[in-house]
Every structure is written in structure tokens, then in C-alpha cells.
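Enquirer: One predicted model, sequence on top.
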Amino acid sequence: MPSRRRGGSGRDGSNNDEEVALERIIRNPKELWIGIIYIAVGSVAVYLCQDLDMGRAGKMGPAYFPTLLSILLIGIGVVSLVRSFVKTGTPAGSFAIRGMVLITLAIVLFGVLVRGAGLAVALPVLVLVSSSASVKFRWKSTILMAAGITVFCVLVFLKGLGVPLPVLGPWFGQ
């Protein structure tokens, strides 16, 4: 770890004592940010489910499952937040804007393609675009993974569970 000058103000006018004190309190910045993100996403989801009927365990309403998952997500976030103060870890890396953009693009493309082109087209696009966000991206393994995930999802969700999505959509004359 690089040496730090303690006491006084730095060249930019910031106080290094405050930064050092904060580092002593927050021992794992990655866990801290993960906890904050999980709590935020879970809280927004619980808020969005407020207008839906909750139902009960025997007869679940449309808000039941999303609310339970959101509460679970908030719980995981709280655990991560507590761990950030207890368990020592590495500092958070730089903000990966390229990866965030590619993964967001993959999700949007999936949403646009799934009804018109079908699951057999939308899923491979999702896998290929989101995988390209990784520095370990390799064409061969990604194409194999896309094919495997597509076959699995078509068999389980469309054939097994009867989810009403087309394998190939109306854009292909289906």
C-alpha cells in the first residue's frame, strides 16, 4: 500500500486525515458499494410493487414474488454493508463505463427482439453483447455458451413451462 502523508492538507486542499479515518471504518469498499446497490434496487422494487395485490402464500398476487425477492435482495445488501465494516478487502476499481453500457444495451436489445424475432434470436444476442463487456471475452466460448443457454431456455421455459414467447417470432414468418 502506498505511503500516505498524515495530517495537514494536501495540494488540492483536501484533508488526508479524513480519508485515513474513513478507510479505517470502511474496510472493504467493494462490499460497501454492492450493499448500497442491492439495498437501492430492492427498495425501488418494493416501492414499485406497492400498488399491486400482494395476495397470500396460498394464492399469490402479482406483487407477492417480486416483493419477497426484493426483501431478500435488501437483506443481502444489509449483510454486504455490515461485512464492509468488518472484513478487510481490496479497494473498488475504476468505474467501467464500457461494461455498463454494453450490458445495458444487451438487455434493451433482448427486450426489443424477443417478441418480434423470438427467443432463439434474442438470447444469443443478449449473451454475445453482454459477454463482450468482459476483458476475458472469446468468440468461440461465447458462441458455445449462447447456443447452450438458448437450447436450455427454449426447452425449459417454452416447452416445459409453456411461457408464451415465440421460438422464432413474426419477423421470420412464424
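Expert: It's in. Numbering: from 1, shown residues only.

Enquirer: what bits of the chain have low per-residue confidence?
Expert: Low-confidence regions of the chain, defined by pLDDT under 70, span residues 1-24, 91-93, 95, 174.

Enquirer: So this protein: which segments form each domain?
Expert: Listed by automatic domain parsing, the domain ranges of the chain are 16-86, 97-172.

Enquirer: Now do the buried residues in whichever helix in the chain runs longest.
Expert: Among the elements of the chain assigned as helix by DSSP state H, the one spanning the most residues is helix 64-86. By neighbour count with 16 or more other CB atoms under 10 Å, helix 64-86 contains the buried residues 64, 67, 70, 73-74, 77, 80-81, 83-84. In this view, the C-beta of every residue, glycine as well, is placed from N, C-alpha and C.

Enquirer: Also stretch 141-154?
Expert: For stretch 141-154, the buried set under the neighbour-count rule, 16+ other CB under 10 Å, comprises 142, 146, 150, 153-154.

Enquirer: can you tell me which of the residues you listed are in helices?
Expert: Taking DSSP H, the ones among the buried residues of stretch 141-154 that sit in helices are 142, 146, 150, 153.

Enquirer: would TSV of these with distance to Arg27 be doable?
Expert: Formatted as TSV, those follow (distance: CB to CB, whole Å):
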residue	distance to Arg27
Thr142	36
Ala146	39
Thr150	42
Cys153	40
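
Enquirer: Could you work out the most separated pair of those?
Expert: Checking those against each other with CB to CB, the farthest-apart pair comes out as Thr142 and Cys153, at 16.1 Å.

Enquirer: wait, doesn't Ile26 sit right on Phe85?
Expert: Yes. The pair formed by Ile26 and Phe85 meets the contact definition of CB atoms under 8 Å, at 6.5 Å.

Enquirer: re the thing from before, next one: the longest helix of the chain to chain centre, how far?
Expert: Per CA atoms, centre = their mean, to the nearest Å, the displacement of helix 64-86 from the mean C-alpha position of its chain is 14 Å.

Enquirer: Please name the nearest non-neighbouring residue to Val129.
Expert: Taking CB to CB, 6 or more residues apart in numbering, and ignoring the residues beside it in sequence, Val129 has Ala106 as its nearest neighbour in space, at 3.8 Å.

Enquirer: Ile143 versus the nearest residue to Gln50 once chain neighbours are set aside, what's the distance?
Expert: Here the nearest residue to Gln50 in space, its sequence neighbours aside, is Ala63; by CB to CB, 6+ apart that works out to 7.7 Å. Counting by CB to CB, to the nearest Å, the gap from Ala63 to Ile143 is 39 Å.
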